[in-house]
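S.K.: Give me coordinates for this.
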Amino acid sequence: MLFFRRDEALNHWGDQILEAAWTEFPELAQHQIALTWLVYDQPVPVNTGGALTAEEFWRYGMRGYSYRGVEPIYPASVVKLFYLVAIHEWLEKGMVPPSKELERAITDMIVDSSNDATSLVVDVLTGTTSGPELPPGPLETWQAQRNIVNRYFQSLGWVELESINVNQKTWCDGAYGRERIFLGANFENRNKLTTNATARLLHSIVGGVAVSSNRSQQMMALLKRPLDPVELEANPENQVVGFLGGGLPQTAQLWSKAGWMSQVRHDAAYIEIPGLQPYLLVVFTEGKAQSQNQELLPFISRQVVAAMEHMH
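M.R.: Residues are numbered from 1 along each chain as shown. Presented below is the predicted three-dimensional model:
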């Protein structure tokens, strides 16, 4: 069962938004986009500073819409959201010791989307390191260790997480040595996420129930994105221009994690705009043309803002 309830009004607007995108971008095939959209009605259960217990929070029903929301897609840097939650869980449980370097890596992994920082976080999470090929026995042990993050997310028992894979590092040039072997001959062991799974995880962070209230607020602080044009221009890696934040008014507040590489362009965002209901939006797009298209995600974002205004 989905963690949100389908809603006639959202179905109408969601379908319209997609039709508008396909009209505006005819090169975007219907199978090259996936989308999950949640709307928070009053009383809003998210971004409360951790006022609700997890039990209370999960009793709140949200209205939602999804299109291909269960399709497993290569997530690029959106996977870093999952590593963020996992490393906070490890720290909370005392499974790894806190350190200045780990703290720096966690910050850079989310704020700057650094792949090098993510590499350290994955090493700390799994007790493994990258390196040359390994003999079969040690490789098997290494692979089992690398799957510890998958086992953690499966232990949550969320149906949305059943089809995901979050055991790979993110790369600039690509994997080598044992990392390349681990990906599989045809990259069959690549990371995979769905927009529904990503939406539920982000929903739990924004709701203050990912790991703990305090840790959720620490995660939110890292996910906050400035919309000031001067700040954006000063930081080319801002995760706003060319993504969902690029379609928001200046008055909006944005918490997000983008993902981008040569074949995909994605974003997962929680958005507050004065006078409108808060909402959460996850959009994955596939294909080289979409990867290079800096207008598609802002266009969809603007359509969603317009829909929110109409519903209001």
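
S.K.: Return the distance of whichever helix or strand residue 23 is part of from the chain's centre.
M.R.: Using DSSP states H and E, residue 23 sits in helix 8-24. Distance, stretch centre to chain centre, for helix 8-24: 22 Å (Cα atoms, centre = their mean, to the nearest Å).

S.K.: How about residues contacting that helix?
M.R.: Residues outside helix 8-24 that contact it (Cβ atoms under 8 Å, 6 or more residues apart in numbering): 28, 30, 33, 35, 37, 39, 63-67, 296, 299-300, 303-304, 307, 310-311. C-beta: built from backbone N, CA, C; applies to glycine.

S.K.: And the strands in this protein, which stretches?
M.R.: 5-6, 33-39, 63-67, 224-225, 253-261, 264-272, 279-286 (DSSP state E).

S.K.: Ok, which of those comes nearest residue 139?
M.R.: The closest of the strands of the chain to residue 139 is strand 253-261. By Cβ to Cβ, the value is 26.2 Å.

S.K.: buried set for that closest one?
M.R.: For strand 253-261, burial by neighbour count (16 or more other Cβ atoms under 10 Å) applies to 253-260.

S.K.: just those residues now: which is nearest residue 80?
M.R.: For the buried residues of strand 253-261, the nearest to residue 80 is residue 257 (6.2 Å; Cβ to Cβ).

S.K.: beta partners of that closest one?
M.R.: residue 268 (DSSP bridges).

S.K.: Could you chop this protein up by domain?
M.R.: 1-71+224-312, 74-193 (automatic domain parsing).

S.K.: Just the mean pLDDT for the last one, thanks.
M.R.: Confidence over domain 74-193 (mean pLDDT, whole number) is 98.

S.K.: can you give me the end-to-end distance of that domain?
M.R.: Length of domain 74-193, first residue to last, Cα to Cα, to the nearest Å: 6 Å.

S.K.: Check the offset of it from the chain's centre.
M.R.: 14 Å.

S.K.: What of stretch 30-49?
M.R.: The mean C-alpha position of stretch 30-49 is separated from the chain mean by 12 Å, Cα atoms, centre = their mean.

S.K.: before we move on, what about stretch 246-255?
M.R.: 17 Å.

S.K.: List the buried residues for that stretch?
M.R.: Buried residues in stretch 246-255 (16+ other Cβ under 10 Å): 246-248, 252-255.

S.K.: Going by distance to residue 199, which of those residues wins?
M.R.: For these, the nearest to residue 199 is residue 255 (13.2 Å; Cβ to Cβ).

S.K.: Could you tell me how far that closest one is located from residue 206?
M.R.: 7 Å (Cβ to Cβ, to the nearest Å).

S.K.: Kind regards, and thank you for your time.
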